[in-house]
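> Let me see the structure of the following:
(chains A and B, ligands or ions: 2)
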Amino acid sequence: MKSALTTAVAAPTTFDAEAFERFLETRTEPDWVTQRRREAFAEYLTHLSVPDPAEEYRRVELRFLRPEKFAIAETGADPQSFAGGMRDDQGFGGRAVHADGASAHVELSDELKEAGAVFGCLTDLVNTHGDLLEPYLMTKGVDAGADRFAAWHGAFWTGGTVLYVPRNVTLEKPLHSLIGLSGEGCCDLSHTLVILEDGANAALLEETTSQGDGAGLHVGAVELFVGDGANLRYAQLQNWNTNTLHFAHQCGRVGRDGLLQWTVGGLGSKLAHVHQDVHLDGRGARGEVNGVTFSTGRQNLSYYTQQSHNAPDTDSDLLYKTVLRDKSKVVWRGMIKVEEVAQRTDGYQRCDSLMLSDEARSDSIPGLEIEADDVRCTHGATTGRVDEEQLFYCRSRGLMESEAMHMIVAGFFEKVLDRVNVEPVRAALAAATERKLGIGD
Amino acid sequence: MSTLQITDLHVSVGDTPILRGVNLTLNSSEVHALMGPNGSGKSTLAYALAGHPGYTVTQGSVQLDGEEIIELEADQRARKGLYLAFQYPVTIPGVKVADFLRHAVSNVRNPDRKEGGDLISMREYRRELYERMDELSVDRAFARRYLNEGFSGGEKKRMEILQMAMLRPRFAFLDETDSGLDTDAVNVVSEGVAKLAEEQKMGVLIITHHDRLLHYNTPDHTHVMLGGKIVESGGAELAAELYTDGYAGVRDRHPEVAAEADARKAAEPELAGVA
Ligand SMILES: Nc1ncnc2c1ncn2[C@@H]1O[C@H](COP(=O)(O)OP(=O)(O)OP(=O)(O)O)[C@@H](O)[C@H]1O
Ligand SMILES: [Mg+2]
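Numbering: from 1, shown residues only, chains lettered A, B, ... in the order given. Ligands and ions are numbered 1, 2, ... in the order given. Model (predicted):
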């Protein structure tokens, strides 16, 4: 093959070998962390020369990505200066804020500390809780070798929220995590890591936000480990400004009889690509994925979701609802994979799209790969427009056009929001929807 | 006292003229029956009055107390007190009856309300909603159901009347509200309509093929539509005659219009019987 001699593509100056060494100097980290970063950096250089996985990135407009325009900052904006849709909710048991991938602020209630929960920033915790994190950090969840973005993240991750909950401990109150970018050229490579030991129960609600309109960059990763019989509710509402670029590798693994309820909100960013994996590793494990996206203007959002059934009697249920306006584009590519051992699997995936304009474009591509023979897997995708008769019906009852649209869109989301049984997330999504429709503040 | 005056109304759907000069005047508290064979244009008139954007008024006028309303959007007409009970009510998936109707009521009772403006108080609203539901024998559980989603034909029709009772319009157009209702429901709905006509002095145009609604709401006037025109008007006895004898008599008395209507149907077979 000719490509064996392909010349290496030069790394962007802000993320090349020199920049990497300078970045390492700013970090105080145990050797195993540095070692993993170096391996990931080598992967990164390799991946720069090979195309990104064709199927997954085919419809992602990567031409918008100019990595050299972004650099990791040594100091970030004041974490307290960020507002988020859920920020003011009073019911949280702890909060973490990460600003510009450089500064962080963490609070945890005494109650949760006493329960043995660990909650903080990855930058600190690799030093204080290295033994706890080493087995998990980019070993069995997100693989730095997967593609350019995973490797990039593996080499340069900047921090991020860590939550650890000991065996059989239930955290009654959800925890809040906010990731903020303060302006043009800022970047965040945060890593969210959640470890629930067997029988633990917790909720982590995360959101991303921008200050102003400056273009930022996020190259993130999320790793969720749900032990046997544990229950994790995790939500991430991506709500950057519409100039920001968002790339993320996200992976959840669920043990025997465990339950992961995962909500994904895609509201902001100019270009986003999220690779979301749910692995049902233990017998009886269940994964529920809820996706809500609302794109406007020229936003381009892309999701690649995979539900992997690796054990018998596992259930997965994925429902994405996407609303598109203006000239926006949304791509959803879903895959249910059933291993040979995973008999009596019940897999479901569905993506419904509602188009509010003729110029928007939605591509939904479900897929199945089934090795076992005793399974039930269903998938579906629908695309529709706001029906003129529905609109007229609403208006004939005195609802003005925008209000009628709002009702219809809210109704469209209702089914998935109904499954998101976490009130702050519901409320934040509803408020964001209103803003997107040009109502509210 | 309010008056809704329809003068020489011509309405087209796309390029196809459907109504060809309708004249009709409704006053507060009056009950008018509008009858006529399938495809004669009854629903078209109702849609045009309610302001459906697909029904274009090409000629004529509709005045509410002297004010031309043809240029008004459907929601503005609703806020002025017009109400259409749909022949085929539309499903709004995921929208709860109570939420939908609370917005509708807030707008109609406070016509200047903008989106995001105050809604009618929840307590007051809920009490009133439950009262009306009880009166119309609509199970309170319907308040939390999604609007018309999975409703039976009769349940949808009752929901139309419940909405009307909450919105308290000045003029209501009931498009075949009685079809699909069982006998009990017809009685309940009839009483509901009669009550509003009396208490709110609502004027009502009842489009029907039956005499069931008219039993309780004796029409002051009956109109017969044929080929997009009102060809005859009379009193309650006309409705009774049409109900028992059908439209043969009307056709005989208006052979030209009947022939025209038949010719148009034959020329555009794809339109025939669509409604
Ligand atoms: N949206 C439309 N597109 C095409 N044709 C239409 C449309 N609406 C009405 N028509 C045509 O206009 C004519 C009148 O229809 P309309 O629904 O008003 O009749 P109707 O008197 O209500 O009949 P029915 O008693 O069956 O309800 C019919 O020929 C119908 O096919
Ligand atoms: Mg009709």
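> gap between the residue lying farthest from the centre of chain A and B:Val11?
Distance from the C-alpha centroid of chain A peaks at A:Ser396, with 40.5 Å (Cα atoms, centre = their mean). From A:Ser396 across to B:Val11, the span is 16 Å (Cβ to Cβ, to the nearest Å). The way it works is simple: take the backbone N, C-alpha and C, and place the C-beta from them, glycine included.
> List, one by one, the residues from chain B near chain A.
By Cβ under 8 Å from any Cβ of the partner chain, the residues of chain B that approach chain A are B:50-54, B:73-75, B:77-79, B:83-84, B:86, B:89-95, B:99-101, B:103-104, B:107-108, B:114-116, B:146, B:163, B:167.
> residues contacting the residue of the stretch 51-200 of chain B found nearest chain A?
Closest approach of the stretch 51-200 of chain B to chain A (Cβ to the nearest Cβ) occurs at B:Gly94, with a separation of 3.1 Å. Going by Cβ atoms under 8 Å, 6 or more residues apart in numbering or on different chains, B:Gly94 touches A:Ala410, A:Gly411, A:Phe412, A:Phe413, A:Glu414, A:Lys415, B:Tyr146, B:Glu149.
> Lowest-confidence entry in the residues you listed?
Taking the contacts of B:Gly94 together, the minimum pLDDT is found at A:Lys415 (86).
> Name the residues that touch stretch A:94-103?
When contacts are defined by Cβ under 8 Å, 6+ apart, stretch A:94-103 is touched by residues A:72-82, A:104-109, A:112, A:117, A:119-121, A:158-161, A:173, A:175-182, A:186-190.
> so what pLDDT did the residue of chain B found nearest ligand 2 get?
Closest to ligand 2 within chain B is B:Ser43: 3.1 Å, counting by Cβ to the ion. Looking at B:Ser43, its pLDDT is 97.
> Distance check, it against chain A.
Using Cβ to the nearest Cβ, to the nearest Å, B:Ser43 is found at 13 Å from chain A.
> Run the chain-centre distance for the strand or helix carrying that residue.
Applying DSSP states H and E as the criterion places B:Ser43 in helix B:42-50. A distance of 8 Å separates the centroid of the chain from that of helix B:42-50, by Cα atoms, centre = their mean, to the nearest Å.
> following the helix or strand of chain B with the lowest mean pLDDT, which helix or strand comes up?
Lowest on mean pLDDT, DSSP states H and E among the helices and strands of chain B sits helix B:212-216, with a mean of 81. Going down the chain from helix B:212-216, the next helix or strand is strand B:221-226, by DSSP H and E.
> Just the residues contacting that next one, thanks.
If you take Cβ under 8 Å, 6+ apart as the criterion, strand B:221-226 is touched by B:22, B:24, B:30-37, B:40-42, B:45, B:230-239, B:242, B:247, B:250-251, B:254, B:257-258, B:261.
> what are the phi and psi values for the residue of the stretch 51-200 of chain B closest to chain A?
phi 80, psi 0 (degrees, to the nearest 10).
> again with A:Tyr393
According to degrees, to the nearest 10, A:Tyr393 has phi -60, psi -50.
> For the closest residue to it other than its chain neighbours, give me its contacts.
In space, and not counting its chain neighbours, A:Tyr393 is closest to B:Val90: 4.0 Å by Cβ to Cβ, 6 or more residues apart in numbering or on different chains. Counting by Cβ under 8 Å, 6+ apart, B:Val90 touches A:Asp387, A:Glu389, A:Gln390, A:Phe392, A:Tyr393, B:Asn148.
> Need the residues you listed in a markdown table (columns: distance to ligand 1 and neighbour count).
Formatted as a markdown table, the contacts of B:Val90 follow (distance: Cβ to the nearest ligand atom, whole Å; neighbours: other Cβ atoms under 10 Å in any protein chain shown):
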| residue | distance to ligand 1 | neighbour count |
| --- | --- | --- |
| A:Asp387 | 14 | 15 |
| A:Glu389 | 10 | 14 |
| A:Gln390 | 15 | 21 |
| A:Phe392 | 11 | 23 |
| A:Tyr393 | 14 | 26 |
| B:Asn148 | 19 | 21 |
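> what two of the residues you listed have the greatest distance between them?
With Cβ to Cβ as the measure, no two of these lie farther apart than A:Phe392 and B:Asn148, at 14.0 Å.
> what about chain B, any weak spots by pLDDT?
Chain B contains residues with pLDDT under 70 at B:268-275.
> so where do the strands sit in it?
With DSSP state E as the criterion, chain B has strands at B:3-13, B:16-27, B:31-35, B:55-64, B:67-68, B:82-85, B:171-175, B:203-207, B:221-226, B:229-234.
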